[in-house]
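Chemist: Got a predicted structure here, sequence first:
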Amino acid sequence: MFFRFSSEVTGLARYADKTDVEFSFDSPRPISVRLSKAYPDGIQPREPADAICTSTATVEPPDGKIADELKAGWVLPVVDGKIKVGDPTTEFIDTVLGDLRAAMTSTAILFRWRQGMADGPPNPCHTLKASYSNDGEIWREVTLIRGVKIRLESVTSAPEGGVSEQVVEWANAGIEEPLGRQLFREAWSQRNSRPRSALVIGVAAAEVGFKKLVGSLVPQAQWLVDNVQTPALSKMLSKFLPTLPVKARFTEKSIPRQRPSFVS
């Protein structure tokens, strides 16, 4: 069986302008990766500056049943609206395509680095396509969907009275959203596409916000937290935060001081 995995690669069209660039791998299986101007079927990428990276491999199915299902035209097995778990053919296809995708992605990233390109997203591969063929001539597309995530966002209430006047007052005074909140929004917007960057920016947002809190509750400490190297955020939250004065308390209630449940 012939398998291939293709994607558009941001900003690499100039390197495949005159001729295709080819790479050969022996592990985890023999795989050929090609950087070209168009998909194998001749379709051009959506952006003229993008190239097409395609990884291909020839793999023998482990048994006759899987081979027969592929020759008959494999369809993702769905039972009662859910993808069938443990289907041998699905697992075989996903294993092969996983190897092809990994080879394709790492090749594009390392090639971009080798060429000294500083611009572009962390993962330049997008618009993914996968397919297989019995004879290398007629190709059947493979769906890459294996599940759906539904995310519910919170809905805020209607603006309170006087909000418009306050916003105008802040704008006229040149007030901006606090830096900690700006960083948090940046981190939140990248939580799915760039999780590592989101984590780093999120921690920075928490540190900036905590220092702002310290300055508002203990003004005389503002200069220190802004100019002196502070301990790790986890230590500040567990050791320093409980010692800060508060502006209001719950009547006849207290908040237990517990160690935050995260790793320092």
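Modeler: That came through fine. Numbering: from 1, shown residues only.
Chemist: Stretch 141-159 spans what distance, first to last residue?
Modeler: End-to-end distance of stretch 141-159: 50 Å, with CA to CA, to the nearest Å as the criterion.
Chemist: Correction: the previous question concerned stretch 153-168.
Modeler: Start-to-end span of stretch 153-168 (CA to CA) is 27 Å.
Chemist: again with stretch 15-28
Modeler: End-to-end distance for stretch 15-28, by CA to CA: 27 Å.
Chemist: Buried residues, that stretch. List them.
Modeler: Buried residues in stretch 15-28, counted by 16 or more other CB atoms under 10 Å: 15, 16, 21, 23, 25. (Glycine included, C-beta is placed from N, CA and C.)
Chemist: same check, this time on stretch 47-57
Modeler: Quick answer for stretch 47-57 (16+ other CB under 10 Å): 50, 51, 52, 53, 54, 55, 56, 57.
Chemist: Now do the same contact list for the first one.
Modeler: Looking back up the chat, that one is residue 50. Counting by CB atoms under 8 Å, 6 or more residues apart in numbering, residue 50 touches 8, 9, 10, 11, 12, 13.
Chemist: Apart from its neighbours in sequence, what residue is nearest it?
Modeler: residue 8 (4.7 Å; CB to CB, 6 or more residues apart in numbering).
Chemist: What residues are bridge-paired with that neighbour?
Modeler: As for beta bridges, residue 8 partners with residue 52, residue 126 under DSSP bridges.
Chemist: Let me know whether residue 44 touches residue 51 as I believe.
Modeler: No. The criterion here is CB atoms under 8 Å, and residue 44 misses it with residue 51 at 10.5 Å.
Chemist: about what we covered before: for the buried residues of stretch 47-57, which one is nearest residue 103?
Modeler: residue 55 (4.8 Å; CB to CB).
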